[in-house]
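Novice: Here is the input, now give the coordinates:
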Amino acid sequence: MTLTLPLLPALSSLLLLLLYCLSVSCSRLKEQIYQDLNPKQIKSCFRRLNGTTTIGCTSERGGNVGVLLYVDTIAEIKTLEDPTFAPYVVLVNPEIYSDALLTGLEATGHVTGVILPSVTGGRWAGKVPQPGYSDDSICPNSGTSLYKNTSEQCTQGSAWNTPGSGLMWRSFNFPIFYLPDTTTTEDLYTCSLTHNNLTSGLSWPLCSVQLSSNMHAASDSQTCMRRSNLLNNLTPQQFCDPLSDSNLHYFVSARNRTQESGDTRESSPASVILVSARLDALTMFDQTEVGFDSPTTGLVVLLAAAKLVSEKMSSLTYRDGVENIMFLLINGEAFDNTGSSRLVFDMERGEFPHSLDLSGTNDFANGTQPTLNLTNIRTMIELGQLSNYSSSTLFLHTENNPTGVVGQIEKFSRQNNLTIKKATRTAIPPSSAQTFLSTSPSLHTVFLSNYDTSYTTPVYHSVYDTAQYHNYNHTQGPDQPLVAHLAKVAVVLAQTVISLASEQEADLSPDQVSTLINELLQCYTVSANCSMFHEASSPNPESFPWAGKTVSTPFPQYVGVNPSPHTLQTRKVLQLLTGEKTPLDQNSTDLSDQQTACLTKNSQQSVYSYTFLVGPGCYNGSHVTCASCYQTTVGQSEASSPAFTAGVMESYDWTSGQYPTWTESIWKEISFRSFLQGDPAHDQLVFGVGVAVFLVSMVSVWWVEKNAVLIFPHSGGDYRLGGNLDT
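Specialist: Residues are numbered from 1 along each chain as shown. Got it, this is the predicted structure:
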């Protein structure tokens, strides 16, 4: 029998490994040391770029590790100046979260991460920073303001957003995590209090955490896009993507460029009344961009008003040169008015509501829409923040003296017991209207809001602008003050638009839309798993809300880099509220066949948009029982910046500021874990001993190998380690 000597230690190692697995139940050592947090519970600050700078947060490639310390007051920042146990990751009291706090933490040079707990429950319940807090600046979108470099521009002394911290627009070289789960933050607080008590003095081991959120993008959008577009087939790498989504539009009356006579018809000058609102919100943290007052109150009022107007105008005639009414929901406005910049750009190039190649005679044989440009717009009415959190008064901000519009709003406000005042500040607030006015200076404009000279909502563009903060509760029904107030605003808006378009007064009541508004607020600010979104959905069993994990939170309202669920679902809601059921040319009872027949109607025309939706009364709580085909005039257009369009991007001056240039960084993973960290000196000692043992072992093996003949004498001849033994 022949036996190889090196096989013996291998068998011994295998035996030891089996014994170890049995003793620890085959658990990984790492899982015994670290406590990992579910990535879905982490809301991280992340990096964005524009043509000149970088904002947001990033970590080192392997994550940032630090001793966890709790900071309750600004004064406690001084304790972080001691480098003995540095670096530190700071769990902060939400009440002190501010520009001053992060500036102070950054100045110590010893902070490697920040954790912000939620205020929805637990130890920090209701502890919103006072007198308010906003991630945005005191002058939102000041770089693209209509009043930039004029006497009416926003300044420190005339700020629109007084609580603005500007933190959204700063760059931090350490991660900042917002943790909405109160149990997690309570555990971290307990860990810090137990092991890292500053009162009794710090000593190893200490409660520590590792925050990982390394961002791939750097420098600015121009550099990042150039690196992303480099042709490298071996290792293709994407570093950032342009912010992009869709703007939504709805024309109350169908627009067919092709007449029955064969002639074509274009839109007349000053013939369209425009009603607009924002679609997007902004915060520092990913997946937290849900704004109750901005944009949701304006959004739901527009949807409710669109429903009322569509129902009434179907039996009325347009008068006084008005040919149509357009409701517009604009995306990306939090980032230098990206969506409205693209709208104006497309209108100037004759590519709104879409750019079509009409050279193919049969491609649109059943009709297509005429283009719409700025000269076709008669009046613009924009909806801003409308919550009655501080006051039930509605303020009118105007440009170019639109007395006719203002007069109608005032008249219908009196009829509905809604208090109206003209704003005392001559400049209109940061808005999409400013973008339109920059190109069409004479446009009659009205901006409706709940404030006069500055925002009354103290939590604009922050994680605190929630339904809970505004005392909204869906179970209180349509009679609760907030819902009743928004219903009045929707009715006044609808009556005003109908009167301007038809010179007729519509008999409307807030009761007609109060239930709808209550349902919409639930969907947009509490949970997307709601009745209205179920009705405004395709019956396709593989799509939302019938497939995938159950949604228990609202969809984020961030513009993002892809079409968002928020935008897609809003389009379906608008189609459901304003569309008309249309019969299908087939008798199948199969919903899939019906859907196919419905969507086929979209071919060879662009006048209507046909969609197949569940609708009211077709969902019994467990499954879909029916659905209908809706003929609508709802459409969408690109909301990405003109700077990223073909023909512009190649020669664009990225530092000019002519167009927004915002991009979002790519990242690999966001992770968080906590553990007890031993004394680094002890780790260094263990490492040193290990190196010494290794060196001694190497020398010993060399010496034994060299002197093997003397140590292991053999009568049969030479013997060397690793040789075979005959038995």
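Novice: pull the longest helix from the protein.
Specialist: Longest helix of the chain, by residue count under DSSP state H: helix 680-706.
Novice: name the helices or strands packed onto the next helix or strand after that helix?
Specialist: Following helix 680-706 in sequence order, the next helix or strand is helix 708-711 (DSSP states H and E). Taking 3 or more C-beta pairs under 8 Å, 6 or more residues apart in numbering; DSSP states H and E as the contact definition, helix 708-711 has no neighbouring helices or strands. All C-beta atoms are positioned from the backbone trio N, CA, C, and that covers glycine.
Novice: one more time with 10 Å
Specialist: For helix 708-711, the packing partners by 3 or more C-beta pairs under 10 Å, 6 or more residues apart in numbering; DSSP states H and E come out as helix 680-706.
Novice: what's the model's confidence in the helix it packs on, averaged?
Specialist: Averaging pLDDT along helix 680-706 gives 87.
Novice: Equivalent analysis for stretch 228-245, please.
Specialist: For stretch 228-245, mean pLDDT is 82.
Novice: Endpoint to endpoint, stretch 543-558 covers what distance?
Specialist: Terminal residues of stretch 543-558 lie 21 Å apart, using C-alpha to C-alpha, to the nearest Å.
Novice: Stretch 436-452 now?
Specialist: First residue to last in stretch 436-452 (C-alpha to C-alpha) measures 22 Å.
Novice: Rounded mean pLDDT for that stretch, please.
Specialist: Stretch 436-452 carries an average pLDDT of 98.
Novice: Use 8 as the first number for this chain going forward.
Specialist: Okay, residue one is now 8; in that scheme the one you just asked about reads as stretch 443-459.
Novice: Mind listing what's buried along that stretch?
Specialist: The neighbour-count check on stretch 443-459 (16 or more other C-beta atoms under 10 Å) flags 443-445, 447, 450-459 as buried.
Novice: ok, K85 - how many residues close by?
Specialist: 10 (other C-beta atoms under 10 Å).
Novice: contacting residues for the residue nearest the centre of the chain?
Specialist: Taking C-alpha atoms, centre = their mean, the centroid of the chain lies closest to Y565, which sits 2.2 Å from it. Listed by C-beta atoms under 10 Å, 6 or more residues apart in numbering, the contact set of Y565 reads 250, 252, 287-290, 292-297, 338-339, 341-342, 571, 573, 671.
Novice: Not counting residues beside it along the chain, what's closest to M656?
Specialist: Once flanking residues are discounted, M656 sits nearest to A650: 6.3 Å by C-beta to C-beta, 6 or more residues apart in numbering.
Novice: With Q229 instead?
Specialist: Ranked by C-beta to C-beta, 6+ apart and with sequence neighbours excluded, the top spatial neighbour of Q229 is W661, at 4.1 Å.
Novice: could you check the distance from that neighbour over to N156?
Specialist: Remark: distance between W661 and N156 (C-beta to C-beta, to the nearest Å) = 21 Å.
Novice: Between these two, which has more neighbouring residues?
Specialist: Set side by side, W661 and N156 show more neighbours around W661, with 18 against 6, by other C-beta under 10 Å.
Novice: can I assume the more buried one is in contact with T230?
Specialist: Yes. Here W661 reaches T230: they are 9.1 Å apart, a contact under C-beta atoms under 10 Å.
Novice: Common neighbours of these two, please.
Specialist: Common neighbours of W661 and T230 (criterion: C-beta under 10 Å, 6+ apart): G58.
Novice: which residues does T127 contact?
Specialist: T127 touches 133, 187-189, 470-471, 473, 475-476, counting by C-beta under 10 Å, 6+ apart.
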